Structures are given as C-alpha cells and as structure tokens.
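Enquirer: okay, sequence plus prediction incoming.
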Amino acid sequence: MVVLVSGSGTNLQALLDATADPSYGAAVVAVGADRVGIEGLARAERAGVPTFVERLNDHPSRALWDEAVAARIAAYEPDLVVLAGFMKILGAPTLEAFPVLNTHPALLPAFPGAHGVRDALAYGAKITGCTVMLADAGVDTGPIIAQEAVRVLDGDDEARLHERIKSVERGLLVDTVGRMAREGWTVTGRHVRIGG
C-alpha cells in the first residue's frame, strides 16, 4: 500500500508497526505527503520506507496536482492507497486508478467534514466514533467498510474526545487493512464485504 499523510502520522505508525509482522499480509511500499517537514515523513524515513511530496502550490492547477499525485502513487504499483490523516481531497486520477481507504472521526453519515468531533459535541451526541471507508469524490461520502463506537463522556472537550477516537481509529484501520489484504473484498453499490 501507499500511505498518504499530512501531519504527525500516528495512523501511519500503527500501519508500519502492523506490517512488521509478515502474517499481517500487507506492506507499506511508500509514503506520500502534501507538505514537507512533517513527522509522518520522518516516521517513514526511520522505517526505511520511500517517501515523496507533492505540494499543491507547486502546481499551476489543482488538476495538474491531482495528476502528479496519481503518477507518484502509480510508480509504486500499490494494491491499495490509505489516507492516514491526509488533509486534501484526491481527484479522479487517483480515485479511478486505485482503491483508496480513508478514516473519519465520527460514525458516518453523521458529522462529515473537517470538524466531525466538534460537530458531534455541539449536537449533544452521546455516542460517536470512527469510520473506515472507501474514498470517493465527495467529502466523507464513500462506502463504509468498518465503524467503531466511542462514548461521549460528561466533561469531554474536543481534544479529549478526539484523542479517544484516534486511539480506537488506529486499531480499526490496522484491522481493516489487514483483513482486506488477507481476505480480499468486494463492493456492491454502497456495501463493502471483506472476505468470501
């Protein structure tokens, strides 16, 4: 898999740790980013994984950036692309060429977008969680693969709740990617099924 990151790379680290076990069934062949100087790239470099950076501002248009990202990913011939805290929406060149997994810190379809944790708190939700989905052209609208609930506790603020969600999200992402790699998956409409 190629993993794309924009920040600290804690989901990436969880995947790197999991792939150290050959029975996991998958390997990280490259890590890409949309900016330089981030911990996610440093984690990949420490693990000996090739990295690349495609900054949006280095391209004259979003369409050309989309093509450049897809070309960089394609060079590694992945079976799967994983967005691990990647904060850009990928365009058709990548989405049409590869299955792309994304995570979201809410139980979709509730609270999509950049502020899922804040929105769940503001709404007064008692349970939220995280979602692993196949990415599509929309914002958090792709077919759902896996979800796990996280209880909202009295006194939670956004940072505290988000940390609990991220802890659960890492495990859910690692489990989902591993199962998909070992068992395969099928997509029928909006339904994703892992294994036979």
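Expert: Looks like it arrived, so ask away.

Enquirer: and the helix or strand hosting Ile165, what does it pack onto?
Expert: Per DSSP states H and E, Ile165 falls inside helix 158-183. Judged by 3 or more Cβ pairs under 8 Å, 6 or more residues apart in numbering; DSSP states H and E, the packing partners of helix 158-183 are helix 10-19, strand 100-104, helix 116-123, strand 127-134, strand 144-151, strand 191-194. Every C-beta, even on glycine, is put in place using the N, C-alpha and C of the backbone.

Enquirer: and for the residue nearest to Gly91 when sequence neighbours are not counted, the neighbour number?
Expert: Nearest residue to Gly91, sequence neighbours excluded (Cβ to Cβ, 6 or more residues apart in numbering): Asp66, at 3.2 Å. Using other Cβ atoms under 10 Å, Asp66 has 21 other residues around it.

Enquirer: look up phi and psi at Trp185.
Expert: Backbone torsions of Trp185, given as degrees, to the nearest 10, read phi -160, psi 160.

Enquirer: that one and Gly178 touch, don't they?
Expert: No - counting by Cβ atoms under 8 Å, Trp185 does not reach Gly178; the two are 11.8 Å apart.

Enquirer: got a pLDDT number for Met87?
Expert: Predicted confidence (pLDDT) for Met87: 89.

Enquirer: so who does Val2 touch?
Expert: By Cβ atoms under 8 Å, 6 or more residues apart in numbering, Val2 lies in contact with 28-32, 73, 76, 78, 80-82.

Enquirer: again, only this time at 6 Å
Expert: Neighbour list for Val2: 30, 73, 76, 78, 81 [criterion: Cβ atoms under 6 Å, 6 or more residues apart in numbering].

Enquirer: and for Cys130?
Expert: Counting by Cβ under 6 Å, 6+ apart, Cys130 makes contact with 105, 148, 165, 168-169, 172.

Enquirer: a markdown table please, covering those and showing neighbour count.
Expert: Listed next are these as a markdown table, based on neighbours: other Cβ atoms under 10 Å:
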| residue | neighbour count |
| --- | --- |
| Pro105 | 23 |
| Glu148 | 16 |
| Ile165 | 25 |
| Val168 | 15 |
| Glu169 | 25 |
| Leu172 | 22 |
